[in-house]
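Novice: fold the following for me, if possible:
(one chain, ligands or ions: 1)
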Amino acid sequence: MNEFPEGFRWGAATAAYQIEGAAADDGRGPSIWDTFARTPGLVYAGHTGDVACDHYHRYPEDVAIMRELGLGTYRFSVSWPRIKPDGTGPANPRGLDFYDRLADELLTVGIEPMVTLYHWDLPQGIEDRGGWASRDTAYHFADYAATVHKRLGDRVNLWTTLNEPWCSAFLGYAVGVHAPGKSDRDLALSAAHHLLLGHGLATARLRDAGAANISITLNLAPVVPADPSLAAERDAADRVDAMLNRLFLEPILRGSYERYALEMFPAGLVHDGDETTIGQPIDLLGINYYNPCLVAAKPGAPENPVYPGSAGVDFRPAPGKTTAMGWPIEPWGLTELLERLHRDYPGVPLIITENGAAFDDVPSEGNVADQDRISYLEGHLQACHEAISRGVDLRGYLVWSLLDNFEWAEGYRKRFGIVHVDFETQVRTPKDSARWYAKVIEHNGL
Ligand code: PNW
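Specialist: Sure thing, here's the model as predicted:
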């Protein structure tokens, strides 16, 4: 048996817009995802998060399921437009009340809450004033973060500022497949910097208020040259790595952007002192890992807008099996990523804040036999164990996701949950993977 270190955190993750529903309850304002999803043609089959898993009303049942499974930690996000319907100004107490009830429910059954302050649902009122492309948004985010911490800080110990700022900046502002649906390279690069600045400003506010465990979650991936013996392919991989990984890792963990990033940014974007703000110490780095990125050199290939500077790079599908998202299943990439982080940024404890897979689950007689998901999770947990055995300071693993939910532009058709949700009846059914995971947790290993 591969045992994990004592105190290793086991859990699952979700995000507000993907599960809560109750889009207009208790004074919640609209977010960019409401606007995006309600715009015909942008989300599969016109799906929206209006109802989602109705978690806003069914959270006691969902917490009871978590307890059944033996989860120790539950990562959820707070919806900014529930707390500040227009993005700024006084807090909406009824919005805060919901997270208060949820945190209490979790603590009552012994589950540790981990709060993500921003998982993509920017208040529409803020987008109307420029969104993340505007510097002011970073300051508004810090104010909002302080408001949430003030209410929950006595019970929540684990805080995450942002989920996957790369996705917010580039999927949202460079290719427009996510809200707010814009396609402009300078807007995207500005958004990336302002997200990072918002992280730094919020971290300072939380730290001043006494928070002890502050983190950020990044979507990271090894970028692998198809033929490492070719300098052009190594260079292609390096340029993609610079925008996917180091654009975020370097300022957060070393306090400065690389020259490559600074040259890419629009003039005047980075002010004196910004890098110091962004680079103040964090206590934990959250990693969302799904798959590695395989690239080759191809002279004349156009730039992929989500990786500025990637002209001449060919993005290759990995050869092996894929998930229902078409994402390659490559657990070794997680070991490689963890070892790299440990080597390049020593001293920062790591936690997997998301890992998991969508498959075409077929419910039958009240059960979902999702052996493919079990294999996926098993492979990636072995990869974590391997990294730990090589000295990586990995503190926990949170599966994405607890529930089938609104998978962004894919709507409800892609199911990531270890618990099946029937979106007609809202019936929850733990899949075989949930029972398998419960055993892993019980044994602290596999
Ligand atoms: C993450 N990509 O999103 C998010 O944090 C979750 O909310 C989401 O449901 C989950 O992964 C599964 O998609 C990503 O294109 C979306 O590289 C897209 C990418 C990466 C992460």
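Novice: going by C-alpha atoms from here, please, whenever you check contacts or count neighbours.
Specialist: OK.
Novice: other SSEs contacting the longest helix out of those in the chain?
Specialist: Looking across the chain with DSSP state H, the single longest helix is helix 185-208. The elements that helix 185-208 packs onto, with contact taken as 3 or more CA pairs under 8 Å, 6 or more residues apart in numbering; DSSP states H and E, are helix 136-152, strand 158-163, helix 165-166, helix 172-173, strand 213-219, helix 274-278.
Novice: want to throw these into TSV with mean neighbour count?
Specialist: TSV is the format used below for the helices and strands packed on helix 185-208 (neighbours: other CA atoms under 10 Å):
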stretch	mean neighbour count
helix 136-152	21
strand 158-163	25
helix 165-166	26
helix 172-173	28
strand 213-219	22
helix 274-278	21
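Novice: and the contacts of stretch 305-319?
Specialist: Contacts with stretch 305-319, where a contact means CA atoms under 8 Å, 6 or more residues apart in numbering, come from 170-171, 174-175, 185, 236, 239-240, 243-244, 264, 293-304, 328.
Novice: helices and strands of the protein: which one bottoms out on pLDDT?
Specialist: strand 363-364 (a mean of 92; mean pLDDT, DSSP states H and E).
Novice: who's in contact with it?
Specialist: Residues outside strand 363-364 that contact it (CA under 8 Å, 6+ apart): Ala369.
Novice: and the very next helix or strand once past it, average pLDDT?
Specialist: Later in the chain than strand 363-364, the nearest helix or strand by DSSP states H and E is strand 367-368. Mean pLDDT, computed over strand 367-368, is 97.
Novice: ok, now stretch 93-104?
Specialist: In this model, stretch 93-104 has a mean pLDDT of 98.
Novice: that stretch: which residues count as buried?
Specialist: Gly95, Leu96, Asp97, Phe98, Tyr99, Asp100, Leu102, Ala103, Asp104 (16 or more other CA atoms under 10 Å).
Novice: out of these, list just those in helices.
Specialist: Gly95, Leu96, Asp97, Phe98, Tyr99, Asp100, Leu102, Ala103, Asp104.
Novice: okay, the residues you listed in a markdown table with distance to Val368 next?
Specialist: Below are these laid out as a markdown table (distance: CA to CA, whole Å):
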| residue | distance to Val368 |
| --- | --- |
| Gly95 | 35 |
| Leu96 | 35 |
| Asp97 | 35 |
| Phe98 | 31 |
| Tyr99 | 30 |
| Asp100 | 33 |
| Leu102 | 27 |
| Ala103 | 29 |
| Asp104 | 31 |
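Novice: before we move on, the earlier item: which of the buried residues of stretch 93-104 sits closest to Ala142?
Specialist: Leu96 (16.2 Å; CA to CA).
Novice: ok, that closest one - contacts?
Specialist: By CA under 8 Å, 6+ apart, the contact list for Leu96 reads Arg82, Ile83, Val148, Arg151.
Novice: repeat for Ile111
Specialist: Ile111 neighbours (CA under 8 Å, 6+ apart): Arg67, Leu71, Gly72, Thr73, Tyr74.
Novice: select from these every entry located in strands.
Specialist: Here DSSP state E is the test, and the contacts of Ile111 give Thr73, Tyr74 as lying in strands.
Novice: which of the contacts of Ile111 count as buried?
Specialist: Here, 16+ other CA under 10 Å leaves Arg67, Leu71, Gly72, Thr73, Tyr74 buried among the contacts of Ile111.
Novice: tabulate those residues in CSV, adding columns for pLDDT.
Specialist: Output for the buried ones among the contacts of Ile111, formatted as CSV (pLDDT from 0 to 100):
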residue, pLDDT
Arg67, 98
Leu71, 99
Gly72, 99
Thr73, 99
Tyr74, 99
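Novice: closest one of those residues to Glu20?
Specialist: Nearest to Glu20 among these, with distances taken as CA to CA, is Tyr74, at 14.8 Å.
Novice: fine by me, we can end here.
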